[in-house]
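Enquirer: Just to be clear, the model below is a prediction. Sequence and coordinates:
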Amino acid sequence: ELKVEQNPLFLSMQEGKNYTIYCNYSTTSDRLYWYRQDPGKSLESLFVLLSNGAVKQEGRLMASLDTKARLSTLHITAAVHDLSATYFCAVDMSGDYKLSFGAGTTVTVRA
Amino acid sequence: DAGITQSPRHKVTETGTPVTLRCHQTENHRYMYWYRQDPGHGLRLIHYSYGVKDTDKGEVSDGYSVSRSKTEDFLLTLESATSSQTSVYFCAISLRKDRGDTLHFGNGTRLTVT
């Protein structure tokens, strides 16, 4: 059974500082997804990582994948209030989009 | 916009009653999924479908059934609702245009079983 663990589960960020969210998974996979969810809303796709060493960046967010370590990181640079949300990583073990999700990291950015 | 509509958006029902949630898509995609979201668990796959009358169980399928008689509609039924099925239910589709695709989610149905 594939297990996906995120940490931390809650992250209070100070504006302007840098932070990292970690996503570990238990079974070999080279398909890793990051989503963002605002309260009461649907999930929005942020990044799709499909190979070892893959790095994707969008604005203040950068995601990377190390398939050998079974680890993905989501790095936030110079946090701003608009980044307050819950972030999920998800892994596709079989290649058919039956994603296994982490529990989510709830991010709050304070002034 | 992947053209996904979930209905109802909110529902309150009593224990023991049957409930059907609907996921409707407008773009003829084959692959559809039902997930439930609960605090501390992220999203968990309930059932999925690879086409009309082609469905299979996911990780947490007990107490749920699905039907897909038309490409555009994927129905999730709770045969006899229990309080443990209080959750937010998301439908998702996979476009499968290329390997870089992802799941696209509907707006969710918040179900409360009293």
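Expert: Great, that's in hand.

Enquirer: Just give the number of residues close to residue B:60.
Expert: Per other C-beta atoms under 10 Å in any protein chain shown, the neighbour tally for residue B:60 reads 18. Just so you know, the C-beta spots here come from the backbone N, C-alpha and C atoms, and that holds for glycine as well.

Enquirer: Okay, now the unreliable bits of chain B?
Expert: B:1-2 (pLDDT under 70).

Enquirer: So which residues of it form strands?
Expert: B:4-7, B:10-13, B:19-25, B:31-38, B:42-51, B:54-57, B:64-70, B:73-78, B:87-94, B:103-105, B:109-113 (DSSP state E).

Enquirer: Would you mark the buried spots in the second one?
Expert: It refers to strand B:10-13. B:11, B:13 (16 or more other C-beta atoms under 10 Å in any protein chain shown).

Enquirer: distance between that strand and the chain's centre?
Expert: 15 Å (C-alpha atoms, centre = their mean, to the nearest Å).

Enquirer: Just confirm yes or no for that strand near chain A.
Expert: No: figure legend: strand B:10-13 not in contact with chain A (C-beta under 8 Å from any C-beta of the partner chain); closest approach 10.9 Å.

Enquirer: Enumerate every residue touching the most centrally placed residue in chain B.
Expert: Centroid check for chain B by C-alpha atoms, centre = their mean gives residue B:34 as the closest residue, at 2.8 Å. Contact analysis of residue B:34 by C-beta atoms under 8 Å, 6 or more residues apart in numbering or on different chains lists B:21, B:23, B:45-48, B:58, B:64, B:66, B:74, B:76, B:89-92.
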